[in-house]
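>>> 3D model of this:
(one chain, ligands or ions: 3)
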Amino acid sequence: MADLILVLNAGSSSIKFRGYAIAGREPQLVVRGQIEGLYTDGARFTVKDAMGERSDEHRWPSGSQLDHEGAIRYLGDWLRGHREAHRVAAVGHRVVHGGLKFVEPTLVTPEVIEELAELSPLAPLHQPHNLAPMRVMAALRPDLPQVACFDTAFHRTQPAVAQAFALPHAITTRGVQRYGFHGLSYEYIAGVLPSVAPQAARGRTVVAHLGNGASMCAMQDGRSVASTMGFTALDGLPMGTRCGNLDPGVILYLIDELEMDTATIGDMLYKHSGLLGVSGVSSDMRVLLASEEPHARFAIELFTYWIGRELGTLAAALGGLDALVFTAGIGEHAAPIRERVCRHAAWLGLEFDPAANEAGGPRISVQRSRVSAWVVPTDEELLIARQTMAVTGMGLA
Ligand SMILES: Nc1ncnc2c1ncn2[C@@H]1O[C@H](COP(=O)(O)OP(=O)(O)O)[C@@H](O)[C@H]1O
Ligand SMILES: CC(=O)OP(=O)(O)O
Ligand SMILES: [Mg+2]
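Numbers count the residues shown, from 1 in each chain. Ligands and ions are numbered 1, 2, ... in the order given. Model (predicted):
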């Protein structure tokens, strides 16, 4: 029976899992699957083998609005039913918030889980769902090594000014600062740029991770120097259901004048804003792009407008721009969104290549373009598998 590293990545609209065999120093993909479309009418489970051949599929009925708990239960049952060929030897987990303390990938203990749980209020759409499978696994197999890998870690190279809020010391010394997220994705992208997009690997690059959660990261020579997300994953771009940038005065107004309580406000900002709130149609970009509804069109306009504006601020943080990279669900698959963003960035010296964009890249700017643009698929799970191997010492034998 072969040993396997199981990787779990709970995003805000999906749970992705992968199984990797440990052969040599690089994890070898054996199986990949995901439940996507959580909290929408289109939840879907798919499993593929290493060759990309579909081996299993399930769709939830329209209107069932599958949540993370239901998805984790379904996945647990599926994994238990398919363990004949492999023995899980370690589990790597994406953990969205590491706070001030957790930067390096960390071996999970009951104490670590409890410390990470304290950060759940800072990442309510993710952290509880990152930790729930750890608890289940720890109860079932207490000796199984589990590794927590952090979305916030990659951004710790940012200069102090990029991480600070202009708040009094009494508050900032409690860890109230900008952390930035999607770091596992950005670290993976930084690692592959030299081979897939050499002109974007060095110099001043902005990577746009556009999924259900969306953020952008300014990289200088592959290291994070600024990002659009902050203390929580609410900040920055409008997202599937999250508001993005918001004047803090709005929150005071909601409390003082509209007498809304914090739970209601939190629910609105995390779950009923962004593309869903503005369009009134869907959080899913596929649905919005297919819709004739004026509000759906406006939601797309607002999304791309803010990507364009934030690209300007990140270019300012970098002192100029050499390359723009698109990744994640929308960034990898939504050509019309990339086109709008690239055309908006013409002022920065980006000359767009429509045919290359329709074809999915990798390069979507013309050869003479001063700023190059790229589509690079992310792979958070592979990075987590590598970190898990490193922490557990697997693959060294
Ligand atoms: N072909 C497509 N066209 C437009 N948008 C897409 C397409 N495929 C996926 N998406 C978008 O990507 C989002 C999911 O991105 P992903 O990065 O997997 O999400 P998560 O934030 O849950 O990790 C979906 O909500 C959908 O809006
Ligand atoms: C941090 C975050 O928003 O992650 P995701 O895009 O996976 O929801
Ligand atoms: Mg994601």
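
>>> buried residues in stretch 285-298?
285, 287-288, 291, 296 (16 or more other CB atoms under 10 Å). Every C-beta, even on glycine, is put in place using the N, C-alpha and C of the backbone.

>>> and if you look at stretch 44-54?
Here stretch 44-54 shows 44-45, 47-48 as buried, counting by 16+ other CB under 10 Å.

>>> Kindly indicate which of those residues lies nearest ligand 1.
Closest approach to ligand 1 among the buried residues of stretch 44-54 (CB to the nearest ligand atom): Arg44, at 11.4 Å.

>>> beta partners for that closest one?
Beta bridges link Arg44 to Glu36, Arg59, judged by DSSP bridges.

>>> Checking Gly249 next. Helix, strand or coil?
helix (DSSP: H, G, I helix; E, B strand; the rest coil).

>>> ok, it - how many residues close by?
Counted by other CB atoms under 10 Å, the residues lying close to Gly249 total 8.

>>> What helix or strand is the residue of the stretch 251-397 of the chain found nearest ligand 1 located in?
In the stretch 251-397 of the chain, the residue that lies nearest ligand 1 is Gly329 (2.1 Å; CB to the nearest ligand atom). If you go by DSSP states H and E, Gly329 is part of helix 328-333.

>>> Remind me what that helix packs against, helices and strands.
If you count contacts as 3 or more CB pairs under 8 Å, 6 or more residues apart in numbering; DSSP states H and E, helix 328-333 packs onto strand 204-210, helix 335-344.

>>> Please repeat the previous calculation with a cut-off of 6 Å.
Applying 3 or more CB pairs under 6 Å, 6 or more residues apart in numbering; DSSP states H and E, one finds that helix 328-333 makes contact with strand 204-210.

>>> and the helix or strand just after the strand it packs on, how far out from the chain's middle?
Per DSSP H and E, strand 204-210 leads on to strand 214-220 as the next helix or strand towards the C-terminus. Relative to its chain's centre, strand 214-220 lies at 12 Å (CA atoms, centre = their mean, to the nearest Å).

>>> now do stretch 60-80
20 Å.

>>> which residues make contact with it from outside it?
The contact list for stretch 60-80, computed with CB atoms under 6 Å, 6 or more residues apart in numbering, reads 15, 35, 38-39, 41, 43, 129, 132-133.

>>> what about dumping the CA coordinates of it to CSV?
Presented in CSV, the C-alpha positions along stretch 60-80 are these (Å, rounded to 0.1, in the frame of the first residue of the first chain):
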residue,chain,number,x,y,z
TRP,A,60,-26.3,18.7,-5.4
PRO,A,61,-29.8,19.6,-6.4
SER,A,62,-30.5,23.2,-7.3
GLY,A,63,-31.6,25.2,-4.2
SER,A,64,-29.7,23.0,-1.7
GLN,A,65,-27.0,25.6,-1.0
LEU,A,66,-24.3,23.2,0.3
ASP,A,67,-22.2,24.7,3.1
HIS,A,68,-18.7,23.9,4.3
GLU,A,69,-19.9,21.5,7.0
GLY,A,70,-21.9,19.5,4.5
ALA,A,71,-19.0,19.5,2.1
ILE,A,72,-16.5,18.4,4.7
ARG,A,73,-18.8,15.6,5.8
TYR,A,74,-19.3,14.4,2.2
LEU,A,75,-15.6,14.5,1.5
GLY,A,76,-14.8,12.6,4.7
ASP,A,77,-17.2,9.9,3.7
TRP,A,78,-15.8,9.8,0.2
LEU,A,79,-12.2,9.5,1.4
ARG,A,80,-13.1,6.8,3.9
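
>>> pLDDT of it, averaged?
In this model, stretch 60-80 has a mean pLDDT of 90.

>>> can you check stretch 151-162 too?
Mean pLDDT, stretch 151-162: 98.

>>> again with stretch 263-276
Here the average pLDDT along stretch 263-276 is 98.

>>> Next, the buried residues of it.
Using 16+ other CB under 10 Å as the test for burial, stretch 263-276 gives 269-271, 273-276.

>>> and that stretch, how far out from the chain's middle?
Taking CA atoms, centre = their mean, one finds the center of stretch 263-276 at 18 Å from the center of the full chain.

>>> between the buried residues of stretch 44-54, which is closest to Ser55?
Val47 (5.1 Å; CB to CB).

>>> Could you pull up the contacting residues of that closest one?
With CB under 6 Å, 6+ apart, Val47 has these contacts: 33, 55-56.
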